[in-house]
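# okay, here's the prediction I keep looking at, along with the sequence it came from:
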Amino acid sequence: MIMLEKRAQPSRVWTLAAPIFAVLLTMICGGLLFAALGKDPFETIRTIFFDPLFSEFAWFYRPQLLIKGAPLVLIAIGLSFGFRAGIWNIGAEGQYIVGAICGAAVGLAFYPTESIFIFPMMIAAGVLGGTLWALIPGILKVKFDTNEILVSLMLVYVAEQLLASMALGALRNPDGMGFPGSRNLAKYDSATSWISENAGMHWGVVVALIAVIFAYVTLSRHLFGFNVRLAGQSPRAARFAGVNPSTLILICMGISGGLAGAAGLFEVAGPAGQISIDFNVGYGFTAIIVAFLGRLHPIGILLAAGLMALTYIGGEIAQSNLGLPGAAIQLMQGMLLFFLLMVDVLSNYRVTFRRARVI
Amino acid sequence: MDWTAINPILLLASLMVAATPIILASVGELIVERAGVLNLGVEGMMITGAVCGFIVAVNTGSPVLGFIGAAIGGAILSLLFGFLTQFLLSNQVATGLALTLFGLGLSALMGQSYIGIKAPDFPDWHIPLLGDIPVIGPIVFQHDPMVYVGLAIVIAVWSFLKYSRAGLILRAVGENHEAAHALGYHVIRVRMLAIMFGGACAGLGGAYLSLVRVPQWTEGMTAGAGWIALAIVVFASWKPLRLLLGAYLFGGVTVLQLNLQAAGMAIPVEYLSMSPYLATIAVLVIMRAGRAPGSLGQSFHASR
């Protein structure tokens, strides 16, 4: 009979091997799924995971990797602080939207003035918007002990409605002949986040890399990072060590909201270009998968975001070249998280085989 | 705006319909949580139920078979959650989220050739005598059968928890799994059954949306109903009868905002559409939740 025996400490080997194992399992099961959909599994897997990097058109896809990866890194880094401390902000999608709205509103307010101060002000507004939106569930949790998971998620739906009303109302392009959507910020020199559109470089990529370094230093070298890890592993010990749970909740929610807001602003001022009803494509939810796949570790998140960006781009190629339905990619991303959680049992438990006996 | 466009009797009658998917999904989750398991995948199970029910109903032409298919679909998906959390001891919050993301993708894939088709008719019952009572008749006794099935499940769950021995065991497992294990109850088995019941109920709730409420299949059509169901369980302090109150309150807000939209109120449509979600947050804040089951959200591993 197969038995699980708890390890005294999580296995280091399995903690690192589990994500790789999960990706391989996802490729196998994904292949079966594609075969069931009547596609050649090997060709599809190759298209999704290898073509964006190594095919003859890779020069076109590689910059896309930065564009899709940057928001995932930014949001996932923010989430990882809270997830480590047992604070579950799953409304990053809403914070991303509100950050984009606030930042874009500042930029649009200055149109058509040109000044180097406009873009920094937009970033500040985006971060502030995301932070405040995330602090709503944070403050409600601290003051009224409400569940932050449910409140942050409800606020995603509220933010989506707010976005619709902004795209159709307050932020609508006055020269847009009545079409929904704002002015194109990517074509407004003082407000665009692009550094080089051809290389896929925008300020979000730069800030994402800074965030990775910053998070790495904070988590491994700073007292705050230690407190976060302590609160996650043993809330009681953390309280004795003088960690104030309320402060921790507010800081973790604030960080994740601020980074999600920044991600939203960089997206709307660059790749997306304008506030439209559906400029958000679910990065806030995919980032949850990225955070777990990256083991809540900054470097891991960077790699995981690269992989997820790959599946986005590869998925688009497979959609246009092989006629693979878009939902299949979404399903595969969900599958990946499942396999990861499944394989994780090996890092916390040792599998032993022995005969069942009555004690 | 035109207040006369709002008919109070019709409003209350549609309130019962609007509350039904939430009642179905949340009563299932209530049993799951009373057994000590936190399944955040209600949204994923609901939308999978919605698409399974729709596919079965369209192909067989029978909404009843559709509902059965939805319950089976939801239960199968919940088994995945049960296997991971109960046997592989994964984190319940993360696994529930994974279930939702997975369910959204799965349903979109399954339903892609069913977009734009109308569901087969599911006629309302006109209950004789009771349905003829003025005012109360049209509000309470002239609905489709699932409205009453939902109410019956709530009553059944209430009496199961309060009066049956199995209900007592389920509560014991949820309150203190170590103690229940020591008494010789099969913690994992009880929890797996509870999880499957929750999945089946969520599936029914989803199918109610795709077969009766809308009645069509569109991607992401549950639009947070599963999360609202989770909130209603907290609001109800894990008590079945208070669940009805929460669901009707939510149904009331939904129906009222739809009516205000139709009556042409001076508030933009988007802000009215926000109101059910804002109301859910307000309810979570105002209502001090009662005590949660003692072992809620913890993995059980009989180590020796």
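Received, thanks.

# only C-alpha atoms from now on, for both contacts and neighbour counts.
Will do.

# list the contacts for B:Tyr114?
By C-alpha atoms under 8 Å, 6 or more residues apart in numbering or on different chains, B:Tyr114 lies in contact with B:55, B:217.

# one more pass at 10 Å, please.
B:51, B:54-55, B:58, B:108, B:216-218 (C-alpha atoms under 10 Å, 6 or more residues apart in numbering or on different chains).

# next one: A:Asn321
A:44, A:47, A:315.

# which among these gets closest to chain B?
A:Gly315 (13.4 Å; C-alpha to the nearest C-alpha).

# okay, B:Ile281 and A:Gly258: tell me how far apart.
Distance of B:Ile281 to A:Gly258, given as C-alpha to C-alpha, to the nearest Å: 22 Å.

# then A:Tyr96?
9 Å.

# the two: which has the busier surroundings?
Comparing A:Tyr96 with A:Gly258 by other C-alpha atoms under 10 Å in any protein chain shown, the one with more neighbours is A:Tyr96, at 38 against 31.

# the more buried one and A:Ala287 touch, don't they?
No - using C-alpha atoms under 10 Å, A:Tyr96 makes no contact with A:Ala287, being 11.2 Å away.

# now do the shared contacts for those two.
What both A:Tyr96 and A:Ala287 touch, as defined by C-alpha under 10 Å, 6+ apart, is the set A:71, A:75, A:260.

# how about the second one: what's its closest non-neighbour residue?
Yep, that's A:Ile75 we're talking about. Counting by C-alpha to C-alpha, 6 or more residues apart in numbering or on different chains, A:Ile75 lies nearest to A:Ala260, which is 4.8 Å off, once chain neighbours are set aside.

# in a strand, that neighbour, correct?
No - judged by DSSP: H, G, I helix; E, B strand; the rest coil, A:Ala260 forms no part of a strand; its state is helix.

# now for the residue nearest the centre of chain A: which residues touch it?
Central residue of chain A (C-alpha atoms, centre = their mean): A:Ala287, 2.3 Å from the mean position. Residues counted as contacts of A:Ala287 (C-alpha under 10 Å, 6+ apart) are A:69, A:71-80, A:90, A:92-93, A:260, A:293, A:301, A:304-305, A:308.

# quick one: residues contacting residue 59.
Chain wasn't specified; assuming chain A. A:52-53, A:198-199.

# oops, chain B please
Contacts of B:Asn59 (C-alpha under 10 Å, 6+ apart): B:53, B:65-66, B:119-120.

# what of A:Ala269?
A:100, A:103-104, A:107, A:119, A:122-123, A:184-188, A:191-194, A:202-204, A:275.

# quick check: the gap between it and A:Thr44.
From A:Ala269 to A:Thr44 the distance is 33 Å (C-alpha to C-alpha).

# which neighbouring elements make contact with the helix or strand of chain B with the lowest mean pLDDT?
When each helix and strand of chain B is scored by mean pLDDT, DSSP states H and E, helix B:136-140 comes last, with a mean of 74. Contact here means 3 or more C-alpha pairs under 10 Å, 6 or more residues apart in numbering or on different chains; DSSP states H and E; on that basis helix B:136-140 packs against helix B:8-34.

# and the next helix-or-strand element following the helix it packs on with helix B:8-34, angle?
From helix B:8-34 onward toward the C-terminus, using DSSP states H and E, the following helix or strand is helix B:42-60. On the basis of axes from the mean of the first three to the mean of the last three C-alpha atoms, to 10 degrees, helix B:42-60 is oriented at 120 degrees to helix B:8-34.

# beyond helix B:42-60, next helix or strand please.
helix B:63-82.

# can I get the CA coordinates of the helix or strand just after that next one in CSV?
Scanning forward in sequence from helix B:63-82 by DSSP H and E, the next helix or strand is helix B:92-110. This file holds the C-alpha atoms of helix B:92-110, laid out as CSV (Å, rounded to 0.1, in the frame of the first residue of the first chain):
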residue,chain,number,x,y,z
GLN,B,92,-7.2,24.1,-0.6
VAL,B,93,-7.1,27.8,-1.6
ALA,B,94,-4.7,27.3,-4.4
THR,B,95,-6.4,24.1,-5.7
GLY,B,96,-9.8,25.8,-5.6
LEU,B,97,-8.5,28.7,-7.7
ALA,B,98,-6.9,26.2,-10.1
LEU,B,99,-10.3,24.5,-10.4
THR,B,100,-11.9,27.8,-11.3
LEU,B,101,-9.3,28.6,-14.0
PHE,B,102,-9.5,25.0,-15.3
GLY,B,103,-13.3,25.0,-15.4
LEU,B,104,-13.5,28.3,-17.3
GLY,B,105,-11.1,27.0,-19.9
LEU,B,106,-12.8,23.6,-20.1
SER,B,107,-16.3,25.0,-20.5
ALA,B,108,-15.2,27.5,-23.2
LEU,B,109,-13.7,24.6,-25.1
MET,B,110,-16.7,22.3,-24.7
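
# please spell out which residues along helix B:92-110 are buried.
By neighbour count on 16 or more other C-alpha atoms under 10 Å in any protein chain shown, the buried set for helix B:92-110 is B:92-109.

# return the distance of stretch A:310-330 from the chain's centre.
Stretch A:310-330 sits 19 Å away from the centroid of its parent chain (C-alpha atoms, centre = their mean, to the nearest Å).

# in it, what counts as buried?
In stretch A:310-330, counting by 16+ other C-alpha under 10 Å, buried: A:310-319, A:324-330.

# show me these that map onto helices.
A:310-319, A:326-330 (DSSP state H).

# so which of those residues reach chain B?
Within the set of these, contact with chain B (C-alpha under 10 Å from any C-alpha of the partner chain) is found for A:326-330.

# the strands in the stretch 151-300 of chain A, which residues?
A:194-196, A:201-202 (DSSP state E, counting those that start in this stretch).

# quick check: which of those is buried the most?
strand A:201-202 (a mean of 20; mean count of other C-alpha atoms under 10 Å in any protein chain shown).

# what mean pLDDT would you report for that one?
Mean pLDDT, computed over strand A:201-202, is 84.

# ditto for stretch A:9-27
On average, stretch A:9-27 scores 85.

# what about it, near chain B?
No - contact of stretch A:9-27 with chain B (C-alpha under 10 Å from any C-alpha) is absent, the minimum separation being 12.6 Å.

# follow-up on the earlier one: can you put the shared contacts of A:Tyr96 and A:Ala287 in JSON lines and add pLDDT and neighbour count?
Formatted as JSON lines, these follow (pLDDT from 0 to 100; neighbours: other C-alpha atoms under 10 Å in any protein chain shown):
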{"residue": "A:Pro71", "pLDDT": "94", "neighbour count": "30"}
{"residue": "A:Ile75", "pLDDT": "95", "neighbour count": "35"}
{"residue": "A:Ala260", "pLDDT": "95", "neighbour count": "39"}
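
# which one of these is nearest B:Ile72?
Nearest to B:Ile72 among the shared contacts of A:Tyr96 and A:Ala287: A:Ile75, at 36.2 Å, using C-alpha to C-alpha.

# distance of the closest one from chain B?
16 Å (C-alpha to the nearest C-alpha, to the nearest Å).

# A:Ile139 now?
Taken as C-alpha to the nearest C-alpha, the span from A:Ile139 to chain B is 11 Å.

# tell me which element that residue is part of?
helix A:118-144.

# packing partners of that helix?
helix A:92-110, helix A:148-168, helix A:245-268, helix B:269-286.

# quick one, which of these gets closest to A:Asn280.
Nearest to A:Asn280, of those and by C-alpha to C-alpha, is helix A:92-110 at 7.0 Å.

# near chain B at all, the closest one?
No - against chain B, helix A:92-110 shows no contacts by C-alpha under 10 Å from any C-alpha, the least distance being 12.9 Å.

# for that helix, packing partners?
helix A:58-84, helix A:118-144, helix A:148-168, helix A:245-268, helix A:283-293.

# could I get the CA-only coordinates of that helix as PDB?
Only the C-alpha atoms of helix A:92-110 are listed here, as PDB (Å, rounded to 0.1, in the frame of the first residue of the first chain):
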ATOM      1  CA  ALA A  92      -5.200  41.600  -9.200                       C
ATOM      2  CA  GLU A  93      -7.200  41.800 -12.500                       C
ATOM      3  CA  GLY A  94      -9.300  44.600 -10.900                       C
ATOM      4  CA  GLN A  95      -6.300  46.400  -9.600                       C
ATOM      5  CA  TYR A  96      -4.700  46.200 -13.000                       C
ATOM      6  CA  ILE A  97      -7.800  47.700 -14.600                       C
ATOM      7  CA  VAL A  98      -8.100  50.500 -12.100                       C
ATOM      8  CA  GLY A  99      -4.400  51.300 -12.300                       C
ATOM      9  CA  ALA A 100      -4.700  51.600 -16.100                       C
ATOM     10  CA  ILE A 101      -7.800  53.800 -15.800                       C
ATOM     11  CA  CYS A 102      -6.200  56.200 -13.300                       C
ATOM     12  CA  GLY A 103      -2.900  56.400 -15.200                       C
ATOM     13  CA  ALA A 104      -4.500  56.900 -18.600                       C
ATOM     14  CA  ALA A 105      -6.900  59.500 -17.100                       C
ATOM     15  CA  VAL A 106      -3.900  61.600 -16.000                       C
ATOM     16  CA  GLY A 107      -2.200  61.200 -19.500                       C
ATOM     17  CA  LEU A 108      -5.400  62.100 -21.300                       C
ATOM     18  CA  ALA A 109      -6.000  65.100 -19.100                       C
ATOM     19  CA  PHE A 110      -2.700  66.700 -20.400                       C
END
